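Trainee: Starting from these lines, generate the structure:
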Amino acid sequence: MTLLPTPVAAFGYLLAAICFIVAIKGLASPRTARRGNLIGAAGAALALAVVLLSTEFAGANLAIVLVTIAAGAVVSVPVARRVAITDMPQLVAIFNGIGGGAAALIGLIELTQHEVLGVQGDAMAGTAIATGIAIGSLTLVGSLVTFLKLQGWMTARPVVLPGAPVLFGAAVIGTIAGAAVVAATGQVWWGVVVLVVAGALGVLLVLPVGGADVPIVISLLNATTGLAIIGTGWAVDNVLLLVAGTLIGAAGTMLTLAMARGMGRSVSGILFGALRGSSTAGSTQASDRPVRSATPEDVAVALGYARRVVVVPGYGLAVAQAQHVVAELVDALRERGVDAVYGIHPVAGRMPGHMNVLLAEANVGYELLVEAGEVNPTMPSTDVVVVVGANDVVNPAARTEPSAPIYGMPIIDAEAAGQVFFLKRSMRPGFAGIENELLYSAKTQVLFGDAKDSLAAVHAALKTV
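Mentor: All right, here's what the predicted structure looks like:
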């Protein structure tokens with residue numbers, strides 16, 4: 001006997017689905033993102049409560065479920081609270097993988113039930129189960145590879161195995177054929193075969209991707225997680241899973257296309273470019289070409305007498321945890337009457353919104369975060385651009401060098417400003433692995449050192465200007 005009658009459970013699922021939809025809407029803007037997250041979490045908690053209260057558990061199954069939930073909470077809550085902002089993409093990758101893995105596991109469990117009942121008479125259920133297993137396994141393994149790349153536990157450069165196109169094609173055919181057999185026969189061991197072959201396909205899909213394209217693949221795998229959840233929802237006849245999977249799949253697809261457009265590239269080029277002989281990563285060696293060096297005092301003088309300043313943050317700002325220091329510097333400039341804002345590139349950092357989240361930690365007003373398309377027209381009238389830990393998003397090669405992996409990517413037009421200061425640790429190239437000719441321009445100077453220390457020194461020097 002269950003505690004919730006079917007109509008009440010259905011109404012609870014409807015409320016949870018509405019929460020998910022409202023949450024997605026809230027995530028569309030930095031101003032409402034926090035509220036959207038809370039609403040989405042409330043919807044998930046409501047859905048979980050409805051499942052627990054409306055399901056008739058046999059034997060010790062309820063205890064197993066509760067222990068599993070508790071174990072997951074014990075692991076995930078500390079990890080999520082302690083993760084550094086620089087490691088957020090890796091956390092997203094793991095979340096994607098866990099979602100896909102859960103869908104694949106549920107598919108296998110459902111397959112054992114259908115094998116007993118005879119799945120041959122239910123083609124739709126068999127197809128849904130096979131889809132959940134295949135896409136879930138691909139997502140799990142592919143997400144693990146993206147995590148390893150971003151975490152630095154394996155090379156972030158493209159890895160193309162000998163005969164990779166043939167292996168990839170064989171894995172695709174094997175996954176589809178195996179899934180068809182699962183749908184037709186309902187045999188568990190064929191489900192395991194699909195699990196393994198689809199996992200291999202996930203490896204072959206992600207290995208050739210490198211450089212700045214890895215976060216785009218994370219977004220794509222988020223979309224495939226949604227597809228796996230849809231298959232699972234169909235298999236277990238749960239409408240809420242269908243709704244959630246559809247939302248995740250649609251949002252992930254739209255985000256993937258938006259990120260690819262922000263990079264000026266196609267999704268097919270990102271996934272299969274290395275197989276055709278192109279690459280998404282270049283050299284990791286530091287350049288020995290001479291540049292004009294600056295001191296904190298040089299930067300402070302230029303900023304103090306400027307009328308308009310644009311700060312372009314990047315991944316290096318996150319690594320140095322310098323968001324609070326740069327916010328203090330910009331606030332000091334604005335107090336002096338300088339029109340100082342932040343130029344935000346859509347793919348700065350390692351994922352969309354990375355810089356927005358980072359600067360929100362320092363209580364930077366949203367009105368000071370200006371997107372690239374809006375800040376570029378003002379660059380000719382900008383006196384100083386300060387590039388903090390960014391490189392690729394201001395690299396003119398995106399316009400001038402057809403062989404560059406970032407060619408065609410919209411950039412922030414820092415070269416159009418009167419003066420440019422780069423804050424860098426060294427002369428190593430950016431994530432795309434190519435040199436930035438703007439570094440050697442007559443209007444550019446480089447302030448070497450840790451971004452947090454450099455910005456603090458500039459802020460201190462500004463007080464004397």
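Trainee: can you list the domain ranges for this protein.
Mentor: Following automatic domain parsing, one finds the domains of the chain at 83-276, 296-462.
Trainee: buried stuff in the helix or strand hosting residue 41?
Mentor: Using DSSP states H and E, residue 41 maps to helix 30-54. Using 16 or more other CB atoms under 10 Å as the test for burial, helix 30-54 gives 33, 36, 39-40, 42-43, 46-47, 50-52, 54. To be clear about C-beta, it is placed using only N, CA and C from the backbone, and glycine gets the same treatment.
Trainee: and what of stretch 75-88?
Mentor: Result for stretch 75-88 [16+ other CB under 10 Å]: buried residues 85-88.
Trainee: so how far is the first residue of stretch 419-438 from its last?
Mentor: 11 Å (CA to CA, to the nearest Å).
Trainee: Pull out the buried positions in it.
Mentor: Across stretch 419-438, burial judged by 16+ other CB under 10 Å covers 419-424, 427, 429-436, 438.
Trainee: What lies in contact with the helix holding residue 41?
Mentor: Residues outside helix 30-54 that contact it (CB atoms under 8 Å, 6 or more residues apart in numbering): 2-4, 6, 8-9, 12-13, 15-20, 22-28, 62, 65, 69, 240, 353, 356, 360, 366, 369.
Trainee: what is the mean pLDDT for that helix?
Mentor: Mean pLDDT, computed over helix 30-54, is 91.
Trainee: for the next helix or strand after it, what is the average pLDDT?
Mentor: For helix 30-54, the succeeding helix or strand toward the C-terminus, using DSSP H and E, is helix 61-82. Averaging pLDDT along helix 61-82 yields 89.
Trainee: Following element in sequence after helix 61-82, please.
Mentor: Downstream of helix 61-82, the next assigned helix or strand under DSSP H and E is helix 88-117.
Trainee: Run the chain-centre distance for that following helix.
Mentor: Relative to the mean C-alpha coordinate of its chain, helix 88-117 is positioned 20 Å out (CA atoms, centre = their mean, to the nearest Å).
Trainee: ok and the helix or strand just after it relative to helix 88-117, angle-wise?
Mentor: Per DSSP H and E, the first helix or strand lying C-terminal to helix 88-117 is helix 123-151. Put simply, helix 123-151 runs at 150 degrees to helix 88-117, going by axes from the mean of the first three to the mean of the last three CA atoms, to 10 degrees.
Trainee: Which positions within helix 123-151 qualify as buried?
Mentor: Residues of helix 123-151 classed as buried: 125-150 (neighbour count, 16+ other CB under 10 Å).
Trainee: Residue 370 looks like it's in a strand, true?
Mentor: Yes - applying DSSP: H, G, I helix; E, B strand; the rest coil, one finds residue 370 inside a strand.
Trainee: Distance-wise, check it relative to residue 376.
Mentor: Using CB to CB, to the nearest Å, one obtains 9 Å as the distance from residue 370 to residue 376.
Trainee: who's more crowded, the two?
Mentor: In terms of neighbours (other CB atoms under 10 Å), residue 376 is the more surrounded of residue 370 and residue 376; the figures are 19 against 16.
Trainee: so that one makes contact with residue 417?
Mentor: No - between residue 376 and residue 417 there is no contact under CB atoms under 8 Å: 10.5 Å.
Trainee: are any of the contacts of helix 30-54 buried, and which?
Mentor: Buried members of the contacts of helix 30-54, counted by 16+ other CB under 10 Å: 4, 9, 12-13, 16-17, 19-20, 22-24, 26-27, 240, 353, 356, 360, 369.
Trainee: Looking at those, which are in helices?
Mentor: 9, 12-13, 16-17, 19-20, 22-24, 26, 240, 356, 360 (DSSP state H).
Trainee: Show me where the stretch 251-400 of the chain has its strands.
Mentor: Assigned by DSSP state E, counting those that start in this stretch, the stretch 251-400 of the chain shows strands spanning 308-313, 339-344, 369-371, 384-388.
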